[in-house]
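J.: Sequence and predicted structure below; questions after.
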Amino acid sequence: MDWLGAARAAATFIRWAALALVVAVVVIAVAPRSPVRLDISIAKLGHLDHLAGTTPAVTVESAGRIAFKFTDPSLALRMLNLATTVPGLLLVAEIARRMAKLLRGAQDHDPFTVATARQLALVAKITALGGLTVWAAASVARWELSASALVDGRDVSVLHQSPLGWLGAALIIAAFGQIITRGVGMRTELDTII
């Protein structure tokens, strides 16, 4: 099986799927009365001790979250909601585009080059810095949405998501770049011996 070809096809598919999702999410968001949802910490809502439909043996988890839907969100709220997803999808599309290009080059030419290692290092930087930026933008947008949902203040716990996934992906890509760099160095050493 041609694993490079399969990986390139997967990267290309991911790129176009992410871009298609961006278009779909934007089209939905600009439509009036499109849904805007947000999960808020139960601790910000007061006491929910008397819920119907549960046995006396269970209680509401005070550290839990509950989902809310804005009934008639303004355009500003819909744009804030877009800021929670669109930047991440655009970053995924860009990373997939660059990886597909790298994989195409690996299929057509020698992949063990300094240029390949540099491109992998660049993709790792884009993933790390872009991931932190995406995380910050989404966190600020959720924080602002919580201000529109709560009578008293903002829900700081909407910042519960972490950028560690982006940083982990960047580390993996950078590690592959270092492996390629080491391979190029070993090849150069071997060429001087032979």
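T.: Arrived safely. Just so it is clear, the structure is predicted and the values come from calculations on it, not from any experiment.

J.: Give me the most central residue, this protein.
T.: Gly88 (4.2 Å; C-alpha atoms, centre = their mean).

J.: and it, helix, strand or coil?
T.: Put simply, Gly88 is helix when judged by DSSP: H, G, I helix; E, B strand; the rest coil.

J.: Could you list every helix and strand in contact with the strand or helix carrying Leu145?
T.: In this assignment (DSSP states H and E), Leu145 forms part of helix 114-149. If you count contacts as 3 or more C-beta pairs under 8 Å, 6 or more residues apart in numbering; DSSP states H and E, helix 114-149 packs onto strand 37-41, helix 75-83, helix 86-108, helix 164-193. Using the backbone N, CA and C atoms, a C-beta is placed for each residue, glycine as well.

J.: Distance to Ala18 and mean pLDDT added to these, as JSON lines?
T.: Shown next, in JSON lines, are the helices and strands packed on helix 114-149 (distance: least, C-beta to C-beta, whole Å; pLDDT from 0 to 100):
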{"stretch": "strand 37-41", "distance to Ala18": "21", "mean pLDDT": "81"}
{"stretch": "helix 75-83", "distance to Ala18": "14", "mean pLDDT": "92"}
{"stretch": "helix 86-108", "distance to Ala18": "4", "mean pLDDT": "95"}
{"stretch": "helix 164-193", "distance to Ala18": "14", "mean pLDDT": "90"}
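
J.: Kindly reformat the ones you listed as JSON lines containing distance to Thr55.
T.: Formatted as JSON lines, these follow (distance: least, C-beta to C-beta, whole Å):
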{"stretch": "strand 37-41", "distance to Thr55": "24"}
{"stretch": "helix 75-83", "distance to Thr55": "36"}
{"stretch": "helix 86-108", "distance to Thr55": "40"}
{"stretch": "helix 164-193", "distance to Thr55": "37"}
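
J.: Which one, of those, ends up nearest to Thr59?
T.: Nearest to Thr59, of all these, is strand 37-41, at 15.9 Å by C-beta to C-beta.

J.: pull the CA atoms of that closest one into CSV?
T.: Extracted in CSV, the C-alpha atoms of strand 37-41 (Å, rounded to 0.1, in the frame of the first residue of the first chain):
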residue,chain,number,x,y,z
ARG,A,37,-25.2,27.5,22.6
LEU,A,38,-23.0,27.8,25.6
ASP,A,39,-22.2,25.6,28.6
ILE,A,40,-21.9,27.4,31.9
SER,A,41,-20.7,26.2,35.3
